[in-house]
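Peer 1: Fold the following and give me the result.
(2 chains)
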Number of protein chains: 2
Amino acid sequence: MADFRETGTVLNPKYDANGLITAVVTAADDGTVLMLAHMNDEALAKTIETGIAHFWSRSRQSLWMKGETSGNVLRVKEMRVDCDQDAIWVIAAAAGPACHTGERSCFYRRVADDGLERVE
Amino acid sequence: MADFRETGTVLNPKYDANGLITAVVTAADDGTVLMLAHMNDEALAKTIETGIAHFWSRSRQSLWMKGETSGNVLRVKEMRVDCDQDAIWVIAAAAGPACHTGERSCFYRRVADDGLERVE
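Peer 2: Just a heads-up that it's a prediction; the model follows:
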């Protein structure tokens, strides 16, 4: 079964004990990693169906369309699944900042020798 | 505390109940997402100390230097932490395939209308 999941052509996500897979979102234009989030089966299905990224909010325990209030939706250009199908790579065009802080990417600080420094 | 973690310059990872953060590794040359894995505090410290990516293997429950047997190490060019510090973005030069299947990236299949298709 593991081999089939790794080599096959059937989307068969390996959800964790909480029913989730990890999703990493990169920007279609320049490859910047915008955010990491989680999807349950419903979020994944909605994402595929609508072409707009949906996630499962672990804090709110609810389905969440990214940008549903802010308008900063993520339009999916391509999705890839990893070898053991417990992670999804979403390549997307972002309508605005992906981070709730207002930054384009959640990864706005680099690890430096003496702590974190803001990426320009 | 949440605000300080988001806006501050102190690396203060928010480990989950298992003591882990998620790490996403991209290729320094073209931004391809190579793999997703997890780090505990020791793996993160070793990665920072050595410049070679280390992870925590959940299946083996042990520290793991990527490439320790295959030689396919990941040399870290830059690391970034996300807003709430529960994820790390590792930008790395890969000495060889990052995936245990021999593929360059674990994300070698795209989600298509009728299942998965191999990325060239």
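
Peer 1: Now do the biggest helix by length in chain A: which elements does it pack against?
Peer 2: Counting residues, the longest helix found in chain A (DSSP state H) is helix A:41-50. Packed against helix A:41-50, as judged by 3 or more C-beta pairs under 8 Å, 6 or more residues apart in numbering or on different chains; DSSP states H and E, are the following elements: strand A:54-57, strand A:62-65, strand A:74-81. Where you see a C-beta, it was placed from the backbone N, CA and C, and this is true even at glycine.

Peer 1: Can you say which of the ones you listed is nearest to chain B?
Peer 2: strand A:74-81 (4.0 Å; C-beta to the nearest C-beta).

Peer 1: is chain B contacted by the closest one?
Peer 2: Yes. Judged by C-beta under 8 Å from any C-beta of the partner chain, strand A:74-81 and chain B are in contact via A:78-81.

Peer 1: and the residues you listed, which are buried?
Peer 2: A:79-81 (16 or more other C-beta atoms under 10 Å in any protein chain shown).

Peer 1: What is the nearest of those to B:Arg58?
Peer 2: A:Val81 (18.7 Å; C-beta to C-beta).

Peer 1: shouldn't that closest one be in contact with B:Ser105?
Peer 2: No. Contact between A:Val81 and B:Ser105 fails when scored by C-beta atoms under 8 Å: they sit 11.4 Å apart.

Peer 1: Include mean pLDDT when you put the helices and strands packed on helix A:41-50 into TSV, please.
Peer 2: Below are the helices and strands packed on helix A:41-50 laid out as TSV (pLDDT from 0 to 100):
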stretch	mean pLDDT
strand A:54-57	98
strand A:62-65	98
strand A:74-81	98
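
Peer 1: TSV for those strands, including distance to A:Asp3?
Peer 2: Shown next, in TSV, are those (distance: least, C-beta to C-beta, whole Å):
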stretch	distance to A:Asp3
strand A:54-57	28
strand A:62-65	32
strand A:74-81	15
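
Peer 1: residues of the lowest-mean-pLDDT helix or strand in chain A that come out buried?
Peer 2: When each helix and strand of chain A is scored by mean pLDDT, DSSP states H and E, helix A:2-7 comes last, with a mean of 86. Using 16+ other C-beta under 10 Å as the test for burial, helix A:2-7 gives A:5-6.

Peer 1: Alpha carbons of it, as CSV, please.
Peer 2: Only the C-alpha atoms of helix A:2-7 are listed here, as CSV (Å, rounded to 0.1, in the frame of the first residue of the first chain):
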residue,chain,number,x,y,z
ALA,A,2,2.8,2.4,0.8
ASP,A,3,4.4,1.6,-2.6
PHE,A,4,1.1,2.2,-4.4
ARG,A,5,0.7,5.5,-2.6
GLU,A,6,4.2,6.5,-3.6
THR,A,7,4.1,5.4,-7.2
